[in-house]
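Novice: got a predicted structure plus its sequence, pasted below:
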Amino acid sequence: MLANHFTRRTALSLAALAVGAVALSGCAGENASAAGDGKTLSIDFATYNPLSLVLKEKGWLDAAAREQGVTVEWIQSAGSNKANEALRADAVQVGSTAGSAALLARSNGSPIKTISLYSQPEWAALVVNKDSKITTPADLKGKSVAATKGTDPYFFLLQTLEEAGLSEKDITLQNVQHADGRTALANGSVDAWSGLDPIMASAEQDGAKLFHRNLDYNTYGALNARADFIEESPELAQLVVDSYEKAREWAVANPDETAEILAEVAGLDAEVAQTVITERSNLDVGTVPGESFTKVLGNIAPTLVASGDVSKQETVDKALATLVDDQFATKANAKNISGE
């Protein structure tokens, strides 16, 4: 079944481009097939997921997969929404999103499971330019706000508006990707932006103000896998989670080097990358997606329905009850992965 799955995956590798992801591996599925192997594990990396950057940089997963005759194809996700699009299209088998985005995707029929957690970050906040007169969420009434639908910053915005007695109808939402949201704020196209690190930290360094923060409205970083991949290739799923555990242990022990990797990949100043890693990422977190994870998602579930992103509460409840597959995280062991 593994060979059949990866043959199907090879045929779909170009779908990654269709969903806005960029393949950066030097040995894609077609090349592996031509070499007589044909087995490719497609997995994403993202600047909002520092562990993915460490893992890609160090090559630990690549080396471990190679021992099983599998080539790793790294595909970049520009946001949780893009990672979810790639997962749904079978362009990646494993993708990283915010927990809220994972719940939204499963609620809308995407065949994914959260198999591990990679962070408990404070990566979203509301941002304005330094000369803005907006100082509270209530001030957003009648204003234009940039956010990326289907991601933590978007749900952060909705929850914040609700707390202020407002809703999405009280603002003009500009649905753009995270980087474009920062640009729109900087050039005055919008009044505010619901931002995401590390782009948000870079904007802050350039003078933008984080006028509203709330750690409780940030959900965990979720590592998700397609259900068919889990069923057909559990040994590879375990390899991915073990590799992530090695990356997590290394990143916690080496925050400066982790910040350097982030700075290089994301094109950030060293100081900005340090802020993201040491102050807002919280990589030293339990990786098993347990009660604390599902409780946070349970809190945001009504927001998914109220916003119209999911048709009814029953659908979200069912998705939440079936989202987690913790069999790999509970057995995660960094010692199973070679390398320094």
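Specialist: Arrived safely, thanks for sending.
Novice: quick check: Ala192 touching Leu140?
Specialist: Yes. Under the criterion of Cβ atoms under 8 Å, Ala192 is in contact with Leu140, at a separation of 6.1 Å. For every residue, glycine as well, the C-beta is placed using N, CA and C.
Novice: shared neighbours of these two, anything?
Specialist: Counting by Cβ atoms under 8 Å, 6 or more residues apart in numbering, the contacts common to Ala192 and Leu140 are 126, 134.
Novice: out of those two, which sits in the more crowded spot?
Specialist: The neighbour count for Ala192 versus Leu140, taken as other Cβ atoms under 10 Å, is higher for Ala192 (28 against 25).
Novice: what's the pLDDT at that one?
Specialist: With respect to pLDDT, Ala192 has a value of 98.
Novice: try Leu262
Specialist: In the predicted model, Leu262 carries a pLDDT score of 97.
Novice: that one belongs to a strand, doesn't it?
Specialist: No. With DSSP: H, G, I helix; E, B strand; the rest coil as the criterion, Leu262 is helix rather than part of a strand.
Novice: check the secondary structure at the residue nearest the centre of the chain for me.
Specialist: Centroid-nearest residue in the chain: Thr97, 2.5 Å away (criterion: Cα atoms, centre = their mean). Judged by three-state DSSP, the three-state class of Thr97 is strand.
Novice: so who does it touch?
Specialist: Remark: with contacts taken as Cβ under 8 Å, 6+ apart, Thr97 is in contact with 77, 80, 83-84, 105, 151, 221-222, 224.
Novice: return the member of these nearest to Thr160.
Specialist: Thr151 (14.3 Å; Cβ to Cβ).
Novice: burial count for the closest one?
Specialist: When neighbours are counted by other Cβ under 10 Å, Thr151 registers 28.
Novice: against Lys141, how distant is it?
Specialist: In this structure, Thr151 and Lys141 are separated by 23 Å, where distance is defined by Cβ to Cβ, to the nearest Å.
Novice: how about Gly298?
Specialist: As judged by Cβ to Cβ, Gly298 and Lys141 stand 29 Å apart.
Novice: for Thr275, same thing?
Specialist: 31 Å.
Novice: so which of these two has more stuff around it?
Specialist: Thr275 (21 against 12).
Novice: which residues outside the helix or strand containing Val145 are in contact with it?
Specialist: For Val145, the host element (DSSP states H and E) is strand 144-147. Contacts of strand 144-147 from elsewhere in the structure, counted by Cβ under 8 Å, 6+ apart, are 153-154, 157, 171-176, 180-181, 184-185, 189-194.
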